[in-house]
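Q: Compute the structure for the input listed below.
(2 chains)
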Amino acid sequence: DAGVTQSPTHLIKTRGQQVTLRCSPKSGHDTVSWYQQALGQGPQFIFQYYEEEERQRGNFPDRFSGHQFPNYSSELNVNALLLGDSALYLCASSLETSGRTTDTQYFGPGTRLTVL
Amino acid sequence: AQSVTQPDIHITVSEGASLELRCNYSYGATPYLFWYVQSPGQGLQLLLKYFSGDTLVQGIKGFEAEFKRSQSSFNLRKPSVHWSDAAEYFCAVGSYNTDKLIFGTGTRLQVFP
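A: Numbers count the residues shown, from 1 in each chain, chains lettered A, B, ... in the order given. The predicted model follows:
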């Protein structure tokens, strides 16, 4: 049973560029959440996707956008990269249960983004 | 404001010693509480969770945690630490009516042989 997978593992970009990160959820899961983990910090919630729509969003600017595909996989896009966007980006998947329930989220290994 | 506090940034213990990692939360709704572990270069692995019921919960790898509503705490414990337990530990809080988890800043555990 495959867990949550993310690609790429590492990425180096320069300021102003755009980046796309990818996530495949754990088998049987239909909900994907994205988190940003800066060095020495805990993960911070970016947004969550369910039924191909953004359901809830954290305190992140519009430069951060996402998409969910019919097979439940997801992409995170960041435009106009800033140095402060350097972080580990984590994807988590879960199974929707009885409405907006915080079910157990299973995390992928993350994508390490470095902005120069 | 919703928040999670892990007061200990770094803890060092000897192998075989007992361990307690502290977690305090501030949350307006009935909390769902989680402990995750992160090894270097890895994602987060769920150790245990509390939604309701018995306030002492058992997790994987011999870990347990106790929910104390009066103290707004959810401390993680292990009676005998193994060298492989060295990692970063994160406490997180959520709720039935939100999709996001709020994490603490983590506690780095170092284990000496």
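
Q: Which residue comes closest to residue A:4 once chain neighbours are left out?
A: In space, and not counting its chain neighbours, residue A:4 is closest to residue A:108: 3.6 Å by CB to CB, 6 or more residues apart in numbering or on different chains. (Each C-beta comes from the backbone N, C-alpha and C, glycine too.)

Q: Residue A:89 is in contact with the one you found, correct?
A: No. Here residue A:108 does not reach residue A:89: they are 9.4 Å apart, not a contact under CB atoms under 8 Å.

Q: Give me the common contacts of these two.
A: residue A:6 (CB atoms under 8 Å, 6 or more residues apart in numbering or on different chains).

Q: Could I get the contacting residues of the residue lying closest to residue A:25 once chain neighbours are set aside?
A: The shortest distance from residue A:25 to any non-neighbouring residue, by CB to CB, 6+ apart, is to residue A:93 (3.3 Å). By CB under 8 Å, 6+ apart, residue A:93 lies in contact with A:4, A:23, A:25, A:26, A:29, A:31, A:32, A:33, A:72, A:105, A:106, A:108.

Q: For residue A:93, give its distance to chain B.
A: 11 Å (CB to the nearest CB, to the nearest Å).

Q: Please report how far that residue lies from residue A:62.
A: Distance check for residue A:93 against residue A:62: by CB to CB, to the nearest Å, it reads 24 Å.

Q: hey, what's the residue nearest to residue A:25 bridged with?
A: When assigned by DSSP bridges, residue A:93 has beta-bridge partners residue A:32, residue A:106.

Q: Chain A against chain B: which residues are in contact?
A: Within chain A, the positions near chain B by CB under 8 Å from any CB of the partner chain are A:4, A:31, A:33, A:35, A:40-45, A:48, A:50, A:55-56, A:58, A:90, A:92, A:100-102, A:104-110.

Q: For the chain, give me the ranges with low pLDDT.
A: If you meant another chain, say so; for now it's chain A. Applying pLDDT under 70 to chain A flags residues A:1, A:97-103.

Q: try again with chain B
A: Judged against pLDDT under 70, the low-scoring parts of chain B cover residues B:97.

Q: Please enumerate the strands of it.
A: Ranges of strands in chain B, per DSSP state E, are B:3-5, B:10-14, B:19-21, B:24-26, B:32-38, B:44-50, B:56-58, B:64-68, B:73-78, B:87-94, B:102-103, B:107-112.

Q: need the ones you listed in TSV with mean neighbour count and distance to residue A:13, can you?
A: Listed next are these as TSV, based on neighbours: other CB atoms under 10 Å in any protein chain shown; distance: least, CB to CB, whole Å:
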stretch	mean neighbour count	distance to residue A:13
strand B:3-5	17	31
strand B:10-14	13	31
strand B:19-21	18	35
strand B:24-26	16	35
strand B:32-38	23	24
strand B:44-50	20	24
strand B:56-58	14	41
strand B:64-68	18	39
strand B:73-78	20	36
strand B:87-94	24	26
strand B:102-103	23	25
strand B:107-112	16	28
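
Q: Please name whichever of those strands is nearest to residue A:82.
A: Closest of the strands of chain B to residue A:82 is strand B:102-103, at 22.0 Å (criterion: CB to CB).

Q: outside of that closest one, which residues touch it?
A: A:35, A:42-45, B:2-4, B:27, B:36, B:90-94.

Q: what comes into contact with stretch A:70-86?
A: Residues contacting stretch A:70-86 (CB under 8 Å, 6+ apart): A:13-25, A:29-32, A:34, A:38-39, A:46, A:49, A:52, A:63-69, A:89, A:91, A:93, A:113-116.

Q: Go through those and flag which are in strands.
A: Residues of the contacts of stretch A:70-86 located in strands (DSSP E): A:13, A:19-24, A:31-32, A:34, A:46, A:49, A:64-68, A:89, A:91, A:93, A:113-115.
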